[in-house]
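Peer 1: Here is my input; please provide its structure:
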Amino acid sequence: MASIYGSQFQDSSPVHAFQLNGKGGFLPIDVNATATQQSPFWFHYDYKNKESFNWIQQSDLFSDQVKSALTGKSSRLRMVRVGDGVLLTLQTLNNTVGQRPEQLVAFRIFMNSRMIVSTRHRKVKSLDSVIEDLHDGVGAQSTGDWLADVTDAITDEISDFTDLLHERLIEMEDDILRGEIPERGELGLLRKQIIVIRRYMAPQRDMFSRLTAEKFLWLEDADRRRLQEIADRLGRCIEDLDGFIARTAIMSDEITNMMTEMMNRRIYTMSLMAMIFLPTTFLTGLFGVNLGGIPGGEFRFAFSAFCVLLACLIATVFWWLKRSRWL
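Peer 2: Model (predicted):
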């Protein structure tokens, strides 16, 4: 197996570069340093950076398949075994300011026992806790441990967002029970977020479970157990999301029923108003014709008497509707 030296990564412009010291901390990358299973390299790149892109394409550390994946040619979730290593494409939430979380960020990883190379374009906030642990000396001690830490951080982020969706769902349900209809598009956005997260997290859970069954020599039993626990936790989040989808469907039906009821009530009220004024409309139309011989035409108080008659007629119709329980 060919040795891997720090000098091979010169001029690659990484966003982060660490050499794990095997004790939870890290060492600065030295050009003369050699990657070992006890002290592997971790290089993290922005594949849109021109220098990083060119370095990946020209490096003899990767196959063409790995180069294509690391430089962002595909964002499809996948796991491919490459020799003694593995190529992973994961998805995590988008926490960039001004963008929505469900606009997921693709995070690509190639790793083996001595080296981790990860790439992204938009920031992967999940890595902040992994890097912070390394600075505190309580981070990953091997490549398998690093993989478990990263998948754990991504799942924590998904779990927190699922809890946030649940809180929003409860608030919206309470508003509907009070007869308040959500703002236009609010329920639609909530359903979209739930469906998108569920769509991508289900295969990611299966990928984590599949990793535990792969016979990688650098993946220890403790790492496999952690990955299975993470997959189970992500599976519980997916079950919650399935429940959310059903609840939003019920909410949508309830909102439709509320709006239909409101519309029917308004139409009913307008119909009753038309019924109340129907006799008066008939009389005013009849007495408004331009023909001679209209009764009371010569009487001084004919108009006043006619208005009193109309008022009595309206009151009579209103009383009849009330007595018939139409009002």
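Peer 1: List the residues that contact Trp218.
Peer 2: 37, 84, 112-113, 142-144 (CB atoms under 8 Å, 6 or more residues apart in numbering). For every residue, glycine as well, the C-beta is placed using N, CA and C.
Peer 1: can you pull out the helices in the stretch 101-250 of the chain?
Peer 2: Under the criterion DSSP state H, counting those that start in this stretch, the stretch 101-250 of the chain contains helices at 127-136, 143-177, 186-213, 221-287.
Peer 1: buried stuff in the least confident helix or strand in the chain by mean pLDDT?
Peer 2: Using mean pLDDT, DSSP states H and E, helix 302-323 stands out as the lowest-scoring helix or strand of the chain, at a mean of 80. Within helix 302-323, the residues that count as buried by 16 or more other CB atoms under 10 Å are 306, 310, 313, 317.
Peer 1: Mind putting these into a markdown table with distance to Gln193?
Peer 2: Formatted as a markdown table, the buried residues of helix 302-323 follow (distance: CB to CB, whole Å):
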| residue | distance to Gln193 |
| --- | --- |
| Phe306 | 64 |
| Leu310 | 59 |
| Leu313 | 58 |
| Val317 | 53 |
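Peer 1: picking up where we left off before, for the helices of the stretch 101-250 of the chain, which one sits closest to Ser13?
Peer 2: For Ser13, the closest of the helices of the stretch 101-250 of the chain is helix 127-136, at 17.3 Å, according to CB to CB.
Peer 1: Centre of the chain to the closest one, how far?
Peer 2: The chain centre lies 25 Å from the centre of helix 127-136; the measure is CA atoms, centre = their mean, to the nearest Å.
Peer 1: And for stretch 119-128?
Peer 2: Here the centre of mass of C-alpha atoms in stretch 119-128, compared against the chain's by CA atoms, centre = their mean, lies 17 Å away.
Peer 1: got the contact list for it?
Peer 2: 16, 44-48, 52, 56, 70-72, 92-96, 105-108, 150, 153-154, 156-157.
Peer 1: cool, and stretch 61-70?
Peer 2: Contacts for stretch 61-70 (CB under 8 Å, 6+ apart): 4, 8, 45, 47, 56-57, 59, 74, 80, 82, 87, 89, 108, 110, 115, 117, 119.
Peer 1: Ignoring the adjacent residues along the chain, who's closest to Thr71?
Peer 2: Tyr47 (4.9 Å; CB to CB, 6 or more residues apart in numbering).
Peer 1: surely the one you found meets Phe53?
Peer 2: Yes - the criterion here is CB atoms under 8 Å, and Tyr47 meets it with Phe53 at 5.7 Å.
Peer 1: so what sits against both of those two?
Peer 2: Taking CB under 8 Å, 6+ apart as the contact rule, Tyr47 and Phe53 both touch Thr71.
Peer 1: picking up where we left off before, adding mean pLDDT and distance to Gln65 as columns, could you present the helices of the stretch 101-250 of the chain in CSV?
Peer 2: Listed next are the helices of the stretch 101-250 of the chain as CSV, based on pLDDT from 0 to 100; distance: least, CB to CB, whole Å:
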stretch, mean pLDDT, distance to Gln65
helix 127-136, 92, 24
helix 143-177, 93, 19
helix 186-213, 92, 17
helix 221-287, 87, 23
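Peer 1: Ok, which of the ones you listed comes nearest Phe301?
Peer 2: helix 221-287 (14.8 Å).
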